[in-house]
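In: Structure for the following, please:
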Amino acid sequence: MEKRIVAILAHPDDAEFMCAGTLSLFRNRGWEVHIVTMTPGDKGSAVHTREEISRIRTGEARRSAQIIGATYHCVGLEDVYIIYDREAINRTTAVLRKIRPSIVITASPTDYMVDHETTARIVQTACFCCGIKNMEVDEAPFEPSPYLYYADAMDGKDKFGHAVAPSMYVDITGEMPVKEEMLKAHASQRDWLLEHHKVDEYILSMKHFAEVRGKEVNRKYAEGFRQHLGHGFQKGNVLAGILEENIIIK
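Out: This next block holds a predicted model:
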């Protein structure tokens, strides 16, 4: 197995909220780590133009990734216009074929925001298409298709407020300082909340949810995941085999 893992989430800072601790653990074990966002975060400002905030946020995402020695990529779609269509699938498949990961982490298929849910569908299809020769993608196909895992939904809830329970937890207690440093790299989003709410909700909300997941398995901080086990995907729980003592399955 190639020691290469990719996290593909919708927007800059999503990976930091949902799976940065786990990515840091992989990096500590000598894995090559890539962080991909579907958009540059082009709607994430009440002050800047789309072009300005896109440059700011992709720069922040790149600096965050560098903290763990990861490489940052952007698929180049638009906030709130992540559509499950031919272009999005081909672009995402092309990114995966360039990187050739063994493991992919993406957004929860059930979440509070359609961008996140659609990202999960696109990434599922892109993983399935990694080995399909006749795709309209220039990059060469590869097999086997990557192991696919879904990160937690935001706040661990679906759009109806119902709990979305993980099937496994990763103890990230030792990685929390790194996860916090990565999220702080997204200064444009943190400063906006500080200005409007007068408290550092950006960091506090991330730590609170990691603490909630941690308490569920008697750890200080944790991140939750579910594995895609549909036909055509690899079934072994490779995450558990690699992270070993950091994995808790209830």
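
In: When you work out contacts or count neighbours from here on, use the C-alpha atoms and nothing else.
Out: OK.

In: which secondary structure elements does the lengthiest helix in the chain contact?
Out: The residue-count maximum for a helix in the chain (DSSP state H) belongs to helix 50-67. When contacts are defined as 3 or more CA pairs under 8 Å, 6 or more residues apart in numbering; DSSP states H and E, helix 50-67 packs onto strand 71-74, helix 176-184, helix 187-197.

In: Pipe those into CSV and attach mean neighbour count, distance to Leu25 and mean pLDDT per row.
Out: As requested, the helices and strands packed on helix 50-67 are exported to CSV (neighbours: other CA atoms under 10 Å; distance: least, CA to CA, whole Å; pLDDT from 0 to 100):
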stretch, mean neighbour count, distance to Leu25, mean pLDDT
strand 71-74, 20, 15, 98
helix 176-184, 20, 10, 97
helix 187-197, 14, 24, 78
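
In: Let me have those in JSON lines, extended by distance to Ser205.
Out: Shown next, in JSON lines, are those (distance: least, CA to CA, whole Å):
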{"stretch": "strand 71-74", "distance to Ser205": "24"}
{"stretch": "helix 176-184", "distance to Ser205": "11"}
{"stretch": "helix 187-197", "distance to Ser205": "11"}
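
In: So which of the ones you listed is nearest Ala15?
Out: The closest approach between Ala15 and any of the helices and strands packed on helix 50-67, judged by CA to CA, belongs to helix 176-184 at 9.0 Å.

In: Ignoring the adjacent residues along the chain, who's closest to Glu136?
Out: Sequence neighbours aside, Asn90 is the residue nearest to Glu136 in space, at 6.7 Å (criterion: CA to CA, 6 or more residues apart in numbering).

In: quick one: that neighbour and Asn134 touch, right?
Out: No - the criterion here is CA atoms under 8 Å, and Asn90 misses it with Asn134 at 11.4 Å.

In: These two: who's more crowded?
Out: Asn90 (20 against 9; other CA atoms under 10 Å).

In: pLDDT wise, what is the more buried one at?
Out: Listed pLDDT for Asn90 reads 97.

In: Mind checking what secondary structure it has?
Out: Local secondary structure at Asn90 is given as helix here, using DSSP: H, G, I helix; E, B strand; the rest coil.

In: contacting residues for it?
Out: Applying CA atoms under 8 Å, 6 or more residues apart in numbering, we find Asn90 in contact with Ala126, Met135, Glu136, Val137.

In: Show residues contacting the longest helix of the chain.
Out: The set of residues external to helix 50-67 that reach it, using CA under 8 Å, 6+ apart, is 12-13, 34-35, 40-45, 71-72, 74, 178, 181-183, 185-188.

In: Just the strands from this structure, written as ranges.
Out: Remark: strands assigned in the chain by DSSP state E are 4-9, 32-37, 71-74, 103-106, 147-151, 168-171, 222-227, 247-248.

In: could these go into TSV alongside distance to Ala20?
Out: Output for those, formatted as TSV (distance: least, CA to CA, whole Å):
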stretch	distance to Ala20
strand 4-9	9
strand 32-37	9
strand 71-74	13
strand 103-106	11
strand 147-151	10
strand 168-171	11
strand 222-227	9
strand 247-248	15
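
In: Of all these, which one is nearest Lys159?
Out: strand 147-151 (15.7 Å).

In: tell me which strands and helices the closest one is in contact with?
Out: On a contact count with 3+ CA pairs under 8 Å, 6+ apart, strand 147-151 meets strand 103-106, helix 114-128, strand 222-227.

In: The same query, at a cut-off of 7 Å, please.
Out: In terms of contacts (3 or more CA pairs under 7 Å, 6 or more residues apart in numbering; DSSP states H and E), strand 147-151 is packed against strand 103-106, strand 222-227.

In: Now that strand: average pLDDT?
Out: Mean pLDDT, computed over strand 147-151, is 98.

In: the inter-axis angle of it versus strand 222-227?
Out: Strand 147-151 and strand 222-227 are oriented at 130 degrees to each other (axes from the mean of the first three to the mean of the last three CA atoms, to 10 degrees).
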